[in-house]
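Colleague: structure of the sequence below:
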Amino acid sequence: MGDAGDVKLESPKLGSPSQGYTQMGPPAYAASTTSTTSPPRVHLDDLLVESPHQTTSSLFGNLFACFARSGPSAIEMRSTIHGLLRDVVQRGPGIETMSVAEAARIIDSCDAACAGQGMDLPTLLRARMVEGHTLVYWAILAENEPVAKLLLEHTAPWSDKGAFADDVRAACAAASNDTLWRRLRSQFPILETPASPVETVVLAGERDKIAVTTSRAAFKVDMHLPYFQRRMRAMGRVSVDLIAQARIFRISFIANTTPDGAIVDRSFSASAWLVSFGLQGNSTPTPLYARVTIQHRDATSTADNGADSTRALIVDVEKKALSGPSFWGSGEKRVPLLDNVLQDDDSPYIDGKGMLIANVEVHLEPPLN
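Modeller: Just a heads-up that it's a prediction; the model follows:
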């Protein structure tokens with residue numbers, strides 16, 4: 001009998017995968033088979049909790065009968081824990097979503113069992129154990145945010161270099177829920193993209209404020225970007241990732257000459273500042289039409305007095321075919337901003353605190369006007 005670390009966890013198939021991010025519930029698990037050998041007994045008082053989804057042919061009935069005859073092997077223990085954790089996010093026909101209290105009881109039992117077997121529960125929770133995804137992924141798709149947060153709380157310490165965060169972001173994209181993604185990022189540091197040392201110094205604790213609203217085949221993004229000029233001069237790029245229309249978009253402002261003197265895009269002048277649009281992850285390719293409106297710094301203070309909206313800086317982006325990053329490049333599509341409008345000191349589009357306010361309207365179909 002091999003060690004627990006040598007066991008490959010098997011998952012049932014969901015059927016033919018769909019293109020891009022797909023909304024679906026987690027698959028129900030089948031009854032597990034167990035060994036008839038008699039390895040040394042392991043105490044399972046804390047592990048074998050009563051499942052709220054128990055059936056006559058369930059995993060739990062089989063396990064109770066098996067473990068009454070003989071103690072579980074390391075393989076059986078891992079399989080048991082795997083099955084119990086799957087049950088936290090399982091949604092079969094007619095089965096209610098698991099409550100936080102029920103999920104917490106199962107997770108605590110699994111944690112105790114893992115400790116007794118030298119297994120690490122956070123590692124299991126970060127594993128893509130169900131159809132290539134984590135348990136948090138399925139909890140998000142089941143619209144069970146409380147259980148998703150409970151699972152996230154038990155995944156610390158975090159050390160997988162972004163793979164886990166990518167799966168959580170993919171779930172929010174499949175659910176087309178940017179608000180949830182930002183809420184989870186604010187509560188769980190593992191989900192944040194680490195800021196560069198330069199950005200950390202320049203931002204001095206400030207954060208971008210992003211709000212996304214969607215409509216049919218379209219979305220709007222309101223951005224408040226602090227210390228915009230400083231970031232552009234020091235880093236050469238200010239990027240915002242957002243979720244809309246079941247895709248992960250990246251909108252970037254780019255200095256065409258980087259801080260170390262390299263040219264980003266020779267289609268434009270070396271002094272130009274650009275705005276770009278791209279897709280991230282496995283987002284489905286799409287055409288894009290956009291309008292970027294950068295507010296004049298006096299617009300907010302004079303809004304109640306009927307400020308002239310024509311003072312805003314407007315950049316229209318005609319049809320661009322977006323696809324995700326590939327071997328050939330980032331896939332981002334760039335257009336220039338007006339020369340020296342944002343770059344210069346005392347720019348009318350940067351307020352006294354260095355804030356740039358931009359509104360971006362995006363259509364995935366040709367706009368009507």
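Colleague: who touches the residue nearest the centre of the chain in this structure?
Modeller: Per Cα atoms, centre = their mean, the C-alpha nearest to the average position across the chain is that of Arg169, at 1.2 Å. By Cβ atoms under 8 Å, 6 or more residues apart in numbering, Arg169 lies in contact with Trp181, Leu191, Ile243, Ile248, Gly281. C-betas here are computed from N, CA, C, even on glycine.
Colleague: list the contacts of the first one.
Modeller: For Trp181, the contacting residues are Val168, Arg169, Cys172, Ala173, Leu191, Ile243, taking Cβ under 8 Å, 6+ apart as the criterion.
Colleague: what's the average pLDDT for the helix or strand hosting it?
Modeller: Assigned by DSSP states H and E, Trp181 belongs to helix 178-187. Across helix 178-187, the average pLDDT comes to 95.
Colleague: just the CA trace of it, in PDB.
Modeller: Presented in PDB, the C-alpha positions along helix 178-187 are these (Å, rounded to 0.1, in the frame of the first residue of the first chain):
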ATOM      1  CA  ASP A 178     -16.600  41.600 -10.700                       C
ATOM      2  CA  THR A 179     -18.000  42.900  -7.400                       C
ATOM      3  CA  LEU A 180     -17.500  39.500  -5.700                       C
ATOM      4  CA  TRP A 181     -13.900  39.300  -7.000                       C
ATOM      5  CA  ARG A 182     -13.000  42.700  -5.600                       C
ATOM      6  CA  ARG A 183     -14.700  41.900  -2.300                       C
ATOM      7  CA  LEU A 184     -12.800  38.600  -1.900                       C
ATOM      8  CA  ARG A 185      -9.500  40.300  -2.900                       C
ATOM      9  CA  SER A 186     -10.000  42.900  -0.200                       C
ATOM     10  CA  GLN A 187     -10.500  40.200   2.500                       C
END
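Colleague: helix or strand right after it?
Modeller: Later in the chain than helix 178-187, the nearest helix or strand by DSSP H and E is helix 197-203.
Colleague: quick check: buried residues in that following helix?
Modeller: Neighbour-count burial for helix 197-203 flags Glu199, Val202 (criterion: 16 or more other Cβ atoms under 10 Å).
Colleague: re earlier: doesn't the residue nearest to the centre of the chain fall inside a helix?
Modeller: Yes. Remark: Arg169 belongs to a helix, assigned using DSSP: H, G, I helix; E, B strand; the rest coil.
Colleague: now it: how far from His224?
Modeller: 22 Å (Cβ to Cβ, to the nearest Å).
Colleague: for Glu365, same thing?
Modeller: Applying Cβ to Cβ to Glu365 and His224 gives a distance of 28 Å.
Colleague: so which of those two has more stuff around it?
Modeller: More crowded of Glu365 and His224, by other Cβ atoms under 10 Å: His224, with 17 against 12.
Colleague: now the more buried one: which helix or strand?
Modeller: Using DSSP H and E, His224 sits within strand 218-225.
Colleague: strands along the chain, start to end?
Modeller: Here the chain has its strands, by DSSP state E, at 209-215, 218-225, 237-244, 247-255, 273-280, 286-294, 313-322, 333-336, 356-363.
Colleague: follow-up on the earlier one: quick one: distance of the helix holding Trp181 to the chain centre.
Modeller: Centre-to-centre, helix 178-187 and its host chain are 9 Å apart (Cα atoms, centre = their mean, to the nearest Å).
Colleague: and stretch 346-360, by the same measure?
Modeller: Centre to centre, stretch against its chain (Cα atoms, centre = their mean), the figure for stretch 346-360 is 29 Å.
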